[in-house]
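Peer 1: quick check, what structure comes out for this input:
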Amino acid sequence: MMQYLKTIYAGITSTFTGMKITSRHLFVKKVTIQYPDQKFTMPERARNRLTLEMSKCNGCNSCVVACPVNCIEIDTVRVSPEDPHQEVHFNGKDRKMWVTRYEIDFAKCCYCGLCVAACPSDAVTHSVEYEYSVYNRDSLLYKFQTLTPEQVKEKERLYAEFKAKEKTVKPTEKGAE
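Peer 2: Below you'll find the predicted structure:
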């Protein structure tokens, strides 16, 4: 009989202990947000979707080399000295490469931030956007491009002509010496 009463007493005290903890948290401000209606503000250093500022990108491929899952692909063409559309890079130096194709496959990306750290010109950064669910996997392939296909062909042609001229000039210079 005594064991029976001790069990009842232990049950009542544990119930009141649980209710005391519950009532302490009952009147605290809620941390839950109603997601579709309310948006969460992301911390400043959050690793979300990558963005690229093409005007800063110099085509060095350091982000491609740093990426552990090979989700970044870049195609470049060297700038020809005879290119009429030569431009000065954002850092004041002449542009050495044209970035003809820059693609990030977010289906592969693990958002590690190694490409952001490796970029010498700070062209690749994390954005504050965190909603990017899609129904089609092909929609996760982001293409950053400033040159049209015609402009790319023109840049390639100009550089090929420059290289051809360079090859024809060098042997004649060597033969003259």
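Peer 1: where does the residue nearest the centre of the chain land on pLDDT?
Peer 2: Taking CA atoms, centre = their mean, the centroid of the chain lies closest to Leu50, which sits 2.3 Å from it. At Leu50, the predicted lDDT confidence score is 90.
Peer 1: now it: how far from Thr125?
Peer 2: 7 Å (CB to CB, to the nearest Å). Yep, even glycine has a C-beta here, placed from its N, CA and C like the rest.
Peer 1: which neighbours do those two have in common?
Peer 2: The contact sets of Leu50 and Thr125 overlap at Val116 (CB atoms under 8 Å, 6 or more residues apart in numbering).
Peer 1: now the helices for this structure?
Peer 2: According to DSSP state H, the chain carries its helices in the segments 2-26, 62-66, 114-118, 149-176.
Peer 1: contact partners for Ser62?
Peer 2: Counting by CB under 8 Å, 6+ apart, Ser62 has contacts Ala118, Cys119, Pro120.
Peer 1: tally up the residues packed near the first one, please.
Peer 2: Which is Ala118. For Ala118, the count of nearby residues is 16 (other CB atoms under 10 Å).
Peer 1: hang on, it packs against Pro68?
Peer 2: No - in this structure, Ala118 is not within contact of Pro68 by CB atoms under 8 Å, at 11.2 Å.
Peer 1: where does the protein dip in pLDDT?
Peer 2: Applying pLDDT under 70 to the chain flags the ranges 84-92, 170-177.
Peer 1: show me which strand runs longest in it.
Peer 2: strand 97-105 (DSSP state E).
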